[in-house]
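Asker: could you work out the structure for the sequence below:
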Amino acid sequence: MSTNNLTVVHSLPVWLPRTSPWLYDQVRFLSPEVDSFVLCEQTANLDQFPFNQLYSLSNAPLWRYYQDLGLRKLGFRRHLGYLTAIAKKHRAHVIHSHWGNVAWADIPAVKALNLRHVVTFYGKDVNFLPVSQPIWRDRYRELFEHIDCVLCEGSFMAKCIEELGCDRTKIRVHHLGVDIDAIQYQERKWSQGETLRVLIAASFREKKGIPYALEALGRLQNEVPLEITIIGDSSEDARSHVEKEKILESLKRNNLVNKTRMLGYQTHAVLFEESYRHHVFISPSVTAADGDTEGGAPVALIDMAATGIPIISSLHCDIPSVIKHAETGLLAVERDSDELYQHMHYLITHPERWKDMTLAGRRHMEKEYDTHQQAMRLRKIYQELI
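Answerer: Here you go, the predicted model:
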């Protein structure tokens, strides 16, 4: 089969949350040898993530919208009928479902069309769903029986997926990528007496570990002038509102309110602008009480490592694959604010180490997390399947 007519339909709920620019890059940078279409139920942020070959049920004819909605609500169908129609229309070879729960819903459509099926797991679908809703353990066993290829971010997530019942021969580690060429590396410099500017960027979720970062920074402010910027906010999820209260309380308890700028959610462009005016990025992810984890690693770590900012994070999930402790950044045990403080203290007492660590981090991103290289690797995976 000629690679020129390899057609893939990407199936996902929403194109695209503002926190998912990495998925935009994953699809748009696939080579011209892969004809990609996106099929979703709803759209959002199209000004940030435009894509020409996009089909959304929310924009479909009303008869199709209500038919799809009704059949799924009544339990007669679990996938979008629109997926079948679009895959047939464009003579797709592969359905690539994004998130495990989406892939399970897509099984009947893929079987009916007799296509190859790829799924990428991202985090919540690996650890949180099977814990919070045990029915997903049975559903995943069904998925793993029918799926052709399971992609995940790193070895830790791969092990978790295997423990859920997936044949290890179907699992492929495929790093998420960012557009490295579009990210400028800029060495950060800081000297004693200067205000140390620390950046935190994450949704307000327990798994992001923000209160632990604030505990560490509360101690650090006794040694250096400090300015903190937090990019992120709570979402519609009730859990995130609880976490926001914890973050605000931590700011008060550690006397950091007057030293902290809270910018809310911002665009990817603003995140980069802010990163270049800061000295350190801290992202100490943890396993939440309800089982929620990063699954792999926050893509913000890849973005920030590419910019050249010194990074402090945690020994959580696949983060050690992205940030190599003492080589490209510093990692603490989960929930250990004392070790986070010690890492911050090390950075301010060894600023001469910053350049070597951040240059090594940039090279690691270029080798393993460049979206253009990852797109070629993904194309090869598709080609091997068909």
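Asker: for the helix or strand of the chain with the lowest mean pLDDT, name the packing helices and strands.
Answerer: Least confident helix or strand of the chain, by mean pLDDT, DSSP states H and E, is helix 62-73 with a mean of 80. Using 3 or more CB pairs under 8 Å, 6 or more residues apart in numbering; DSSP states H and E, the elements in contact with helix 62-73 are helix 81-89. Glycine gets a C-beta too; all of them are placed from N, C-alpha and C.
Asker: show residues contacting the helix or strand following the helix it packs on.
Answerer: Per DSSP states H and E, the first helix or strand lying C-terminal to helix 81-89 is strand 94-98. Residues from elsewhere that reach strand 94-98, judged by CB atoms under 8 Å, 6 or more residues apart in numbering: 6-12, 23, 83, 87, 103, 106, 109-110, 113, 115-120, 122, 382, 385-386.
Asker: same thing but 6 Å
Answerer: Here strand 94-98 makes contact (CB atoms under 6 Å, 6 or more residues apart in numbering) with 8-12, 103, 106, 110, 115-120, 382.
Asker: now do Tyr140, the pLDDT please.
Answerer: Listed pLDDT for Tyr140 reads 98.
Asker: which stretch of helix or strand covers it?
Answerer: For Tyr140, the host element (DSSP H and E) is helix 135-146.
Asker: so which residues make contact with that helix?
Answerer: Here helix 135-146 makes contact (CB under 6 Å, 6+ apart) with Ala103, Trp104, Ile107, Leu129, Pro130, Leu164, Gly165, Cys166.
Asker: in helices, which of those residues appear?
Answerer: Ala103, Trp104, Ile107, Leu129, Pro130 (DSSP state H).
Asker: give the contact list for the last one.
Answerer: Spelled out, it's Pro130. Trp136, Arg137.
Asker: apply 10 Å and report the result again.
Answerer: Counting by CB atoms under 10 Å, 6 or more residues apart in numbering, Pro130 makes contact with Gly100, Trp136, Arg137, Asp138, Arg139, Tyr140, Cys160, Glu163, Leu164, Gly291.
Asker: name the SS class of Ile302, please.
Answerer: Here Ile302 is recorded as helix under DSSP: H, G, I helix; E, B strand; the rest coil.
Asker: that one and Thr328 touch, don't they?
Answerer: No: if you go by CB atoms under 10 Å, Ile302 and Thr328 don't touch, sitting 11.2 Å apart.
Asker: what residues are shared contacts of the two?
Answerer: Residues touching both Ile302 and Thr328 (CB under 10 Å, 6+ apart) are Val322, Gly361, His364, Met365.
Asker: the last one and Ile311 touch, don't they?
Answerer: Translated: Met365. No: with contacts defined as CB under 10 Å, Met365 does not count as touching Ile311, sitting 11.1 Å away.
Asker: hmm, back to that, Ile302 and Thr328: who's more crowded?
Answerer: Counted by other CB atoms under 10 Å, Ile302 and Thr328 do not tie: Ile302 has more neighbours, with 25 against 22.
Asker: so what's the more buried one up against?
Answerer: Ile302 is in contact with 22, 175-178, 180, 183, 322-323, 361, 364-365, 368-371, counting by CB under 10 Å, 6+ apart.
Asker: and the residues you listed, which of them are buried?
Answerer: Buried members of these, counted by 16 or more other CB atoms under 10 Å: 22, 175-178, 180, 183, 322-323, 361, 364-365, 369-371.
Asker: tell me which two of those sit farthest apart.
Answerer: Spatially, the most separated pair among these is Ile323 and Thr371, at 18.3 Å (CB to CB).
Asker: which ones are touching Pro211?
Answerer: Listed by CB under 10 Å, 6+ apart, the contact partners of Pro211 are 243, 246-251, 253-254, 284, 286, 335, 337.
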